[in-house]
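Participant: Here is a sequence together with a model predicted from it:
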Amino acid sequence: MPKPLNQQSGMPQMSAAFSGWLIAINLIKIIQQITDGFVYDVEETLSLSGTWQPLSMEEIALKPDGQRSWEWIDLHVKGNSVVFQTNDRLKRDGVTYKVMAVKDWRLNNYTEYHLVRDYDYVPPSPPQPIPNFVFNGMDGVYDGFYKIIDGYEV
């Protein structure tokens with residue numbers, strides 16, 4: 001009987017050691033969609049098994065000077081599929097993080113991600129309704145560029 005791919009690789013299998021570190025991690029993946037010209041955030045809740053820890057001091061030392069003081073997280077996710085891609089946004093406990101690196105260790109049955117706290121992230125604001133107004137006793141609509149009264153731009 002043929003061996004599964006992860007056993008054919010010759011790579012050491014980390015599942016025995018790795019399983020003692022695993023915790024349940026609930027994350028929200030933020031996906032941005034454009035609908036009718038507006039950007040909306042769609043949140044997808046994911047329950048994963050893995051580890052969540054600060055990035056090691058050795059790896060932080062390799063980051064460029066301006067990035068060393070940022071909040072870096074090392075996320076290991078158990079399983080043989082890559083769940084996130086570079087530039088994906090994740091939220092955990094109300095804090096938004098951005099995926100900066102993906103290390104594919106699927107032959108060892110896990111994937112490693114380097115996350116950084118996303119201080120710049122501002123969720124898109126929902127579109128505001130167009131206000132109605134009254135001009136010289138006539139109803140009108142302001143569409144952001146023109147005032148329209150009885151079908152005429154004012």
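Facilitator: Here it is on my side, so go on. Predicted, not measured: the structure shown is a model, and the values here were computed from it. Residues are numbered from 1 along each chain as shown.

Participant: Please count neighbours and contacts with C-alpha atoms only from this point.
Facilitator: Noted.

Participant: Could you count how many residues lie near Lys91?
Facilitator: Using other CA atoms under 10 Å, Lys91 has 19 other residues around it.

Participant: Any figure for the gap between Arg117 and Ser69?
Facilitator: Here the criterion is CA to CA, to the nearest Å. By it, Arg117 lies 11 Å from Ser69.

Participant: Okay, domains of this protein per the record?
Facilitator: For the chain, the structural domains run 5-117, 124-154, going by automatic domain parsing.

Participant: ok so, going back, neighbour-wise, which of Arg117 and Ser69 wins?
Facilitator: Arg117 (18 against 11).

Participant: what is the more buried one paired to in the beta sheet?
Facilitator: Arg117 forms beta bridges with Tyr97, as assigned by DSSP bridges.

Participant: That one and Thr51: what is the separation?
Facilitator: Arg117 sits 17 Å away from Thr51, going by CA to CA.

Participant: what do you get for Asn109?
Facilitator: 13 Å.

Participant: Could you name every residue contacting both of the two?
Facilitator: Among the neighbours of Asn109, none is also in contact with Thr51 (CA atoms under 8 Å, 6 or more residues apart in numbering).

Participant: which regions of the protein lie under the pLDDT threshold?
Facilitator: The chain contains residues with pLDDT under 70 at 1-16, 18, 65-68, 124-154.

Participant: For it, which segments count as helices?
Facilitator: For the chain, the helices defined by DSSP state H cover 5-8, 15-19, 57-61.

Participant: Show me what the lengthiest strand in the chain is packed against.
Facilitator: Counting residues, the longest strand in the chain under DSSP state E turns out to be strand 38-54. Using 3 or more CA pairs under 8 Å, 6 or more residues apart in numbering; DSSP states H and E, the elements in contact with strand 38-54 are strand 23-35, strand 72-78.

Participant: and that strand, which strands flank it?
Facilitator: strand 23-35 (antiparallel), strand 72-78 (antiparallel).

Participant: Any chance of these in TSV with mean neighbour count as columns?
Facilitator: As requested, the strands paired with strand 38-54 are exported to TSV (neighbours: other CA atoms under 10 Å):
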stretch	mean neighbour count
strand 23-35	14
strand 72-78	21
